[in-house]
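Asks: Pasted the sequence and its predicted model underneath.
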Amino acid sequence: MARDTTDFRPVESIDELVAYLAEGNKPKDQWRIGTEHEKFPFYIDGNAPVPYGGDRGIRALLEGMQRTLGWDPIIDDGRIIGLVEPTGQGAISLEPGGQFELSGAPVETIHQTCREGNAHLAQVREIAEPLGIRFLGLGGSPKWTLAETPKMPKSRYQIMTRYMPKVGSQGLDMMYRTCTIQVNLDFDSERDMRRKMQVSLKLQPLSTALFANSPFTDGRPNGLQSWRGEIWRDTDNQRSGLLDFCFSPEFGFADYVTWALDVPMYFVIRDGHYHDVTHVTFRQFMDGALRNSVPDGLPTIGDWANHLSTLFPDVRLKRFLEMRGADAGPWRRICALPAFWVGLLYDEAALDAAEALTADWTFDEVLAMRETVPAEGLATEFRGHAMREMARDVLAISKLGLKNRARENRDGYDETTFLSPLDEVVSRGTTSAQEMTNAFHTRWGGSIEPAFLEYAY
């Protein structure tokens with residue numbers, strides 16, 4: 001999740017909120033790639049979860065990373081809960097159950113993304129190994145119950161933990177027991193944002209299928225390929241899911257603002273203190289609902305930025321677009337996910353092709369895919385064909401886009417090489433989740449423990 005921000009400029013009109021999003025417009029030569037990836041820390045001895053405190057806990061891990069990297073600590077109520085690179089080029093943060101997240105720097109190529117990911121994993125291993133800690137690359141916590149999962153001391157998570165059971169059946173599982181890989185991408189205009197939003201919303205179920213990697217819950221197969229995808233079907237449907245208004249030919253920044261204004265807030269930050277404001281929407285906040293109950297109880301741009309970070313649609317609009325449909329996975333997937341979306345969205349010919357492929361897909365059709373994919377994966381049917389066939393077509397478009405970008409490394413390889421893990425999934429017709437489930441029933445001998453060896457970073 002994003003690091004919470006402060007920006008004390010007052011908000012006086014809805015037009016200012018629209019303008020805030022439009023400030024994200026960037027010329028193509030300034031487009032960047034920001035990759036985020038999460039992983040579960042565990043103790044090598046017994047494959048147990050890692051708590052925050054103690055000599056070998058998450059706090060000690062963060063303090064070790066701070067000494068190694070020289071990054072600035074992020075402090076919440078006196079506790080270190082993350083690190084940020086001094087010039088803002090990347091951050092390390094904690095998800096609610098201790099999931100360790102790298103929010104990567106904005107870079108120009110997937111080659112840089114992959115180098116960044118490899119460097120991060122090497123750095124974190126250097127600190128974690130002496131503590132007896134490794135990291136697991138799965139989309140869902142495979143072994144620990146919700147009760148066994150540690151809770152990180154972040155103020156916003158305490159507010160969310162109280163709120164989630166009121167609005168959905170799986171919000172706490174989402175918070176404490178899932179991991180994702182995500183990529184953040186730019187746009188140059190409202191029209192460009194609209195095209196990318198619509199194409200990526202329609203293809204997000206395919207991303208969930210290709211990256212399906214969470215087939216276990218509480219130490220047993222759960223009958224799903226993406227438990228994480230299933231969890232998002234009932235987390236908080238006011239702020240998550242597939243957004244029907246984004247399918248409109250006239251969709252723009254103002255439409256997203258109108259929706260966001262009427263979603264309940266989580267918190268506002270005043271003097272470093274988080275105030276629980278889950279009882280009001282941002283529109284009510286603007287109308288003075290917190291004037292007498294919160295210090296300086298009128299909205300600021302910082303409040304708006306934080307509110308946008310608490311919305312969880314399949315594709316999230318801030319001053320860039322966030323692709324949110326994929327399970328976390330082995331290290332090769334960390335490079336494959338941004339490569340997939342950059343290929344589709346950062347080359348004009350590829351975006352034209354992706355838009356043409358999906359032009360007549362309806363909201364109801366995409367919603368049906370989204371509902372089915374967690375269980376069926378690439379076998380999900382769309383217009384009488386398995387999604388695996390769609391995957392071949394979409395990967396071909398992504399490869400075209402990466403080839404056209406022609407960003408080569410020192411050995412002369414372009415970015416298409418990073419799609420290899422997805423080519424393998426489509427070629428064999430089985431997802432990583434299916435491969436793991438088969439292993440559980442055969443060579444793993446009905447035990448979940450080998451996952452902590454084979455899928456560890």
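Replies: Right, received. Where do you want to start?

Asks: Okay, now the unreliable bits of the protein?
Replies: Under the criterion of pLDDT under 70, the regions of the chain flagged as low confidence span 1-3.

Asks: Which neighbouring residues are in contact with residue 139, exactly?
Replies: For residue 139, the set of contacting residues under the criterion of Cβ atoms under 8 Å, 6 or more residues apart in numbering consists of 178-180, 211-214, 226-228, 326-329. Every residue, glycine included, has its C-beta placed from N, CA and C.

Asks: rerun that using 10 Å as the cut-off
Replies: Listed by Cβ atoms under 10 Å, 6 or more residues apart in numbering, the contact partners of residue 139 are 38, 40, 177-181, 208, 211-215, 225-229, 231, 326-329, 333, 432-433.

Asks: So the closest residue to residue 408 other than its chain neighbours versus residue 404, what's the distance?
Replies: The shortest distance from residue 408 to any residue that is not its chain neighbour, by Cβ to Cβ, 6 or more residues apart in numbering, is 5.1 Å, and that residue is residue 414. Separation of residue 414 from residue 404 (Cβ to Cβ, to the nearest Å): 9 Å.

Asks: More neighbours: the two, which one.
Replies: A count of neighbours by other Cβ atoms under 10 Å puts residue 414 above the other of residue 414 and residue 404, at 18 against 15.

Asks: Okay, helices next: where are they in the stretch 51-200 of the chain?
Replies: Counting by DSSP state H, counting those that start in this stretch, the stretch 51-200 of the chain forms helices over residues 58-69, 110-128, 155-167, 171-177, 190-210, given from the N-terminal end onward.

Asks: Distance of the nearest residue to residue 419 once chain neighbours are set aside relative to residue 449?
Replies: Here the nearest residue to residue 419 in space, its sequence neighbours aside, is residue 339; by Cβ to Cβ, 6+ apart that works out to 5.5 Å. Taken as Cβ to Cβ, the spacing of residue 339 relative to residue 449 amounts to 32 Å.

Asks: do the same with residue 401
Replies: When residue 401 is compared with residue 449 (using Cβ to Cβ), they lie 41 Å apart.

Asks: So which of the two has more stuff around it?
Replies: Comparing residue 401 with residue 449 by neighbour count (other Cβ under 10 Å), the higher total belongs to residue 401, at 25 against 13.

Asks: which strands and helices sit next to the helix or strand hosting that one?
Replies: Element membership for residue 401, per DSSP states H and E: helix 387-405. If you count contacts as 3 or more Cβ pairs under 10 Å, 6 or more residues apart in numbering; DSSP states H and E, helix 387-405 packs onto helix 190-210, helix 331-345, helix 348-358, helix 363-376, strand 381-382, helix 420-428.

Asks: In JSON lines, list these along with distance to residue 106 and mean neighbour count.
Replies: Putting the helices and strands packed on helix 387-405 into JSON lines (distance: least, Cβ to Cβ, whole Å; neighbours: other Cβ atoms under 10 Å) gives the following:
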{"stretch": "helix 190-210", "distance to residue 106": "16", "mean neighbour count": "24"}
{"stretch": "helix 331-345", "distance to residue 106": "11", "mean neighbour count": "26"}
{"stretch": "helix 348-358", "distance to residue 106": "20", "mean neighbour count": "17"}
{"stretch": "helix 363-376", "distance to residue 106": "29", "mean neighbour count": "18"}
{"stretch": "strand 381-382", "distance to residue 106": "34", "mean neighbour count": "14"}
{"stretch": "helix 420-428", "distance to residue 106": "23", "mean neighbour count": "17"}
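
Asks: want to try TSV for the ones you listed, with distance to residue 21 as columns?
Replies: Written out in TSV, the entries for these read as follows (distance: least, Cβ to Cβ, whole Å):
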stretch	distance to residue 21
helix 190-210	8
helix 331-345	18
helix 348-358	20
helix 363-376	22
strand 381-382	31
helix 420-428	31
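
Asks: Out of those, the one nearest residue 298 is which?
Replies: Distances from residue 298 to each of the helices and strands packed on helix 387-405 were compared using Cβ to Cβ; the minimum, 28.1 Å, belongs to helix 190-210.

Asks: After the closest one, which helix or strand is next?
Replies: Tracing the chain past helix 190-210, the next element assigned as helix or strand by DSSP H and E is strand 216-217.

Asks: what's in contact with that next one?
Replies: Under the contact criterion Cβ under 10 Å, 6+ apart, strand 216-217 has outside partners 138, 140-146, 173, 177, 222-224, 227, 230-231, 433, 436-437, 440, 448, 451.

Asks: Buried among those? Make that a ChimeraX selection.
Replies: Applied in ChimeraX, the following selects the buried portion of the contacts of strand 216-217 according to 16 or more other Cβ atoms under 10 Å:
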select :138,140,141,142,143,144,173,177,222,224,227,230,231,433,436,437,440,448,451
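
Asks: What distance do you get for the nearest residue to residue 125 once chain neighbours are set aside to residue 260?
Replies: Distances taken as Cβ to Cβ, 6+ apart place residue 457 nearest to residue 125, at 7.1 Å, with adjacent residues excluded. Residue 457 sits at a distance of 35 Å from residue 260 (criterion: Cβ to Cβ).

Asks: Over to residue 103?
Replies: In this structure, residue 103 and residue 260 are separated by 21 Å, where distance is defined by Cβ to Cβ.

Asks: ok, now residue 190?
Replies: According to Cβ to Cβ, residue 190 stands 16 Å off from residue 260.

Asks: just residue 325 next, same as before
Replies: Taken as Cβ to Cβ, the span from residue 325 to residue 260 is 20 Å.

Asks: the more surrounded of the two?
Replies: Between residue 325 and residue 260, counted using other Cβ under 10 Å, the more crowded position is residue 325 (28 against 21).

Asks: mind pulling up the phi and psi values for the more buried one?
Replies: Note on residue 325: backbone dihedrals following degrees, to the nearest 10 are phi -90, psi 0.

Asks: Quick check: residue 302 touching residue 296?
Replies: No. Counting by Cβ atoms under 10 Å, residue 302 stays clear of residue 296, with 11.1 Å between them.

Asks: neighbour count winner among these two?
Replies: Relative neighbour count places residue 302 above the other of residue 302 and residue 296, with 17 against 14, counting by other Cβ under 10 Å.

Asks: Could you count how many residues lie near the closest residue in space to that one that isn't next to it in sequence?
Replies: Of all residues not flanking residue 302 in the chain, residue 7 sits nearest, at 3.6 Å (Cβ to Cβ, 6+ apart). Residues near residue 7, counting by other Cβ under 10 Å, number 13.

Asks: any idea how far residue 305 is from residue 7?
Replies: Distance of residue 7 to residue 305, given as Cβ to Cβ: 6 Å.

Asks: any common contacting residues for the two?
Replies: Applying Cβ under 10 Å, 6+ apart, one finds that residue 7 and residue 305 are jointly contacted by residue 20.
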